[in-house]
Structure formats: structure tokens, C-alpha cells
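Student: Pasting the sequence and the predicted coordinates here, then a few questions.
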Amino acid sequence: MRIKNLNISFKNKILLKNISFDLKKGQALVILGESGIGKSILSKALVRLLNSDFILTADEFSFNGIEILKLNKNQLRHFRSKVALVLQDSESSLYPYIDIGKLCSLILKTHTNLNQNEYKKYVFSYFEKLGFENLDLLWHSYPYELSVGMARRVSLALALLHRPEVLICDEISASLDEKNNQKIIEILKDLKKDKALVCITHDLHLANSLADKFLLIEKDQARLYISKSIFGKK
Ligand SMILES: Nc1ncnc2c1ncn2[C@@H]1O[C@H](COP(=O)(O)OP(=O)(O)OP(=O)(O)O)[C@@H](O)[C@H]1O
């Protein structure tokens, strides 16, 4: 993914300007900045999820050499299977009346030719990767039966089902206890081996554990640091 001078405005007001970075498989970009500066807006812009009230312009916004701002609806759908976004408070967007197994099946049904047994096997391989133990129980659980940490990891599993090449996570460790936080860091480190990661966070431990680059967004500018740590030694 390569971005040069991306500007985002909302109803003629500039929200973000001159966002630039490039990212390859095996690298993590950590995006930092104070609350309300526009980090979540940027995460949605990166998967072209913002509605038409938001205007995006850029000298370059490409993924595997393809210009993303020029994609039509069908091309966008394909792009979004390659670049996945785990939204802030992602657990709250799990459907309350659908159990986790059904939810995973629904997602896979639309995008693959697998049968029910194959879905389960495929999804279980992700649940295991994300540190779940009682997989059958989880398959039949409803979102309200899960802890925040578990629900967060389920959201991550859902994002991974399409085997994205880029994974964008918005505040994935927010309000988790230390043990769950560490679990998420280990999972993201593992995922980084064969993906590019973009992590938006206020958690400096997570930031320093993962980052190859930092994008620091401030009021009048966005600065890119090509460094594993901008907060002293790891
Ligand atoms: N759908 C929307 N329409 C219009 N303005 C929005 C929308 N969503 C967010 N904003 C505004 O855009 C600005 C940036 O919000 P955003 O959620 O991206 O901040 P953030 O940096 O992610 O903050 P935090 O760290 O608290 O999550 C805020 O002023 C917010 O009110």
C-alpha cells in the first residue's frame, strides 16, 4: 500500500492533510495522535468506507499498483477482501441475535464455495490461531456470552476470514486488561509475518512492540517516522 499526500475533507472542511506512507508485507505502521484528530476517519478512508460527504484526494493511493480512488463498486469489493479493517469497539458490531458459528458461515457463504463442515474447519483454524480453546462452545456462543477480550478476538477472526494482505486495527487493545492486551500483541506479531499491519492506538506498549514505522498525526501536519521506536528504546 502506498499513499502520497492524501487529503480528507468533510463538507468543505479539511480534516486531514498530506498523509503519506508506504507499507509492505511484514511491516507494521502505527498511527498515533490525540483523540478526535481523525485517526478513525483515516482508517475508514484506507478501505474507502467513508460516505460521499467526505472527499478524498491524493497524489497516490495505491494497493499492489492499483489506484484505489478510481475503483468502481465491484473492484472495491475485491479490494476490501484484500484490505481488512477491524473497527474501534468492533465487538459492539457483532450481531446480538446471531451466534458466532452462524455469523462466520454467513460471511463465508457469500464469498466461498465451502460447505458447512468445511466452514467450521476453516474458521476453527483461525480461532486456534487467535488463542481460543473450547472451539465448539465458541461456535455456538452469542456475542453477549463473550468477554470483551474474546469478542475482540472474534472480530479479528472475522476480518481474517478473507485472508487479507493488509490488516487495519483501530484501537484493538482499548480497555483490555494486561493479559488480554499482551495476547493481542502476540497475535498481531504473528499476523505481521505474512501481512502488512496498520494499528491505530493510544497504547504505547503495543505501539513499540509492533511498529516498523510511526505516523504521528498532529493538528496541522502528519509526520512519518521510519523507526521502530519513537519513545526511547523498546
Ligand atoms: N461520520 C462522521 N461525520 C462527520 N464527522 C465525523 C464523523 N465521524 C467522526 N467525525 C469527526 O471527525 C473528527 C475525527 O474523529 P475520529 O473518530 O477520526 O478521531 P480519532 O482520532 O479516531 O479519535 P479517538 O482517538 O478518540 O478515537 C472528530 O471531530 C469527529 O467529530
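Tutor: Thanks, I have the structure now.
Student: For the rest of this, base every contact and every neighbour count on C-alpha atoms.
Tutor: OK.
Student: And what about the residue most central in space within the chain, helix, strand or coil?
Tutor: Residue closest to the average C-alpha location in the chain (Cα atoms, centre = their mean): residue 168, at 2.3 Å. Secondary structure, DSSP: H, G, I helix; E, B strand; the rest coil: residue 168 is strand.
Student: Tell me the spacing between it and the ligand.
Tutor: 13 Å (Cα to the nearest ligand atom, to the nearest Å).
Student: Surely that residue is in contact with residue 199?
Tutor: Yes - if you go by Cα atoms under 8 Å, residue 168 and residue 199 touch, sitting 5.9 Å apart.
Student: if we can go back for a sec, residues in a beta bridge with the residue nearest to the centre of the chain, which ones?
Tutor: Applying DSSP bridges to residue 168 yields these beta-bridge partners: residue 85, residue 198.
Student: Need the pLDDT of it.
Tutor: pLDDT, residue 168: 97.
Student: what's near enough to touch it?
Tutor: Shown in contact with residue 168 (Cα atoms under 8 Å, 6 or more residues apart in numbering): 43, 83, 84, 85, 86, 197, 198, 199, 200.
Student: Scan those residues and report the most crowded one.
Tutor: Using other Cα atoms under 10 Å as the neighbour criterion, residue 197 leads the contacts of residue 168 with 29 neighbours.
Student: my guess is residue 194 meets residue 27, correct?
Tutor: No - in this structure residue 194 lies outside contact range of residue 27 using Cα under 8 Å: 9.1 Å.
Student: ok, these two, which is more surrounded?
Tutor: Higher neighbour count among residue 194 and residue 27: residue 27, with 21 against 15, using other Cα under 10 Å.
Student: Excluding chain neighbours, what is closest to that one?
Tutor: residue 196 (5.2 Å; Cα to Cα, 6 or more residues apart in numbering).
Student: Which residues are in contact with that neighbour?
Tutor: Residue 196 makes contact with 23, 24, 25, 26, 27, 28, 165, 166, 167, according to Cα under 8 Å, 6+ apart.
Student: does residue 14 really touch residue 6, like I thought?
Tutor: No - judged on Cα under 8 Å, residue 14 makes no contact with residue 6 at a distance of 11.1 Å.
Student: Now render the contacts of residue 196 as JSON lines, adding distance to residue 153 and secondary structure.
Tutor: Formatted as JSON lines, the contacts of residue 196 follow (distance: Cα to Cα, whole Å; DSSP: H, G, I helix; E, B strand; the rest coil):
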{"residue": "23", "distance to residue 153": "24", "secondary structure": "coil"}
{"residue": "24", "distance to residue 153": "24", "secondary structure": "coil"}
{"residue": "25", "distance to residue 153": "22", "secondary structure": "coil"}
{"residue": "26", "distance to residue 153": "21", "secondary structure": "coil"}
{"residue": "27", "distance to residue 153": "21", "secondary structure": "coil"}
{"residue": "28", "distance to residue 153": "19", "secondary structure": "strand"}
{"residue": "165", "distance to residue 153": "18", "secondary structure": "coil"}
{"residue": "166", "distance to residue 153": "17", "secondary structure": "strand"}
{"residue": "167", "distance to residue 153": "14", "secondary structure": "strand"}
